[in-house]
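Participant: sequence below, structure please.
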Amino acid sequence: MLKTKKKIKEIPIFPKEESSISPKKPFNPKILLFLVFLFGISMAYIVWKNGQADISEERKAKFQNEVEKLEKAEQYALIAEESKLYPCLNCKGMDSVFLLRGEIWKYGVSTNGEKRYTQTFLRTNRLIYFRQFMGSLQACLVEEKRKIYHYPLLPENLKRLKPLDRPAGNPQDR
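Facilitator: A predicted model of the protein is given here:
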């Protein structure tokens, strides 16, 4: 009888593990472009001088402009250009109020001056932009609040059968 060699099943030393991770997808170059774009935007304001990071001159100028606007704000009034019905944003039970020419429709604050409103808006609504006070934004906000809160005592308001709590164009005390 011949002896046959028994075949030994080869078992790998490091068996392959079954993985729940899906096969890798090919790299999408759009992702890289997007990341480079984001990095570029964030770095647009940073410049390097003598090995030190600094803010770009453009960014410094923008900051200075913003600060100047805050220091040169103005408190204004929108005044009725003619005697007629004007929209009332705070009247209880009615949507308009009759204002005589020269009466206050709204108090407000602007850091852009008269550019706060377009000329079309002012003409269409028959309103005149009138600067009443200039100063820092905080000082203008205080002045605006003072005028809104004291509006009920204005002679133009007291003569009404039903005086308003605030100017018709101011929906709230802000």
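Participant: count of residues packed around the residue lying closest to residue 80 once chain neighbours are set aside?
Facilitator: The shortest distance from residue 80 to any residue that is not its chain neighbour, by C-beta to C-beta, 6 or more residues apart in numbering, is 4.0 Å, and that residue is residue 99. (Glycine included, C-beta is placed from N, CA and C.) With neighbours defined by other C-beta atoms under 10 Å, the count for residue 99 comes to 24.
Participant: thought residue 99 was touching residue 105?
Facilitator: Yes: the pair formed by residue 99 and residue 105 meets the contact definition of C-beta atoms under 8 Å, at 6.2 Å.
Participant: touching both of the two, which residues are there?
Facilitator: Taking C-beta atoms under 8 Å, 6 or more residues apart in numbering as the contact rule, residue 99 and residue 105 both touch 80, 86, 168.
Participant: got the contact list for the residue lying closest to the last one once chain neighbours are set aside?
Facilitator: This means residue 168. In space, not counting the residues next to it along the chain, residue 168 is nearest to residue 88; the distance is 4.2 Å by C-beta to C-beta, 6+ apart. When contacts are counted by C-beta under 8 Å, 6+ apart, residue 88 touches 94-97, 164, 168.
Participant: tell me which of the residues you listed is nearest to residue 119?
Facilitator: Comparing the contacts of residue 88 against residue 119 with C-beta to C-beta picks out residue 168 as the nearest, at 21.2 Å.
Participant: got phi/psi on that closest one?
Facilitator: Residue 168 adopts backbone torsions of phi -60, psi -30, taken as degrees, to the nearest 10.
Participant: contacting residues around it?
Facilitator: Under the criterion of C-beta under 8 Å, 6+ apart, the contact partners of residue 168 comprise 86-91, 96-97, 99, 105-106.
Participant: so how do I select the buried members of these in ChimeraX?
Facilitator: The following ChimeraX selection, which keeps only the buried ones among these, applies the criterion 16 or more other C-beta atoms under 10 Å:
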select :86,88,89,97,99,105,106
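Participant: out of the contacts of residue 168, the closest to residue 44 would be?
Facilitator: For the contacts of residue 168, the minimum distance to residue 44 (C-beta to C-beta) is 39.3 Å, reached by residue 106.
Participant: pull the number of nearby residues for residue 160.
Facilitator: The local packing count at residue 160 equals 10, with neighbours defined by other C-beta under 10 Å.
Participant: and residue 92, by the same measure?
Facilitator: Using other C-beta under 10 Å, residue 92 has 8 other residues around it.
Participant: can you check residue 78 too?
Facilitator: Per other C-beta under 10 Å, the neighbour tally for residue 78 reads 24.
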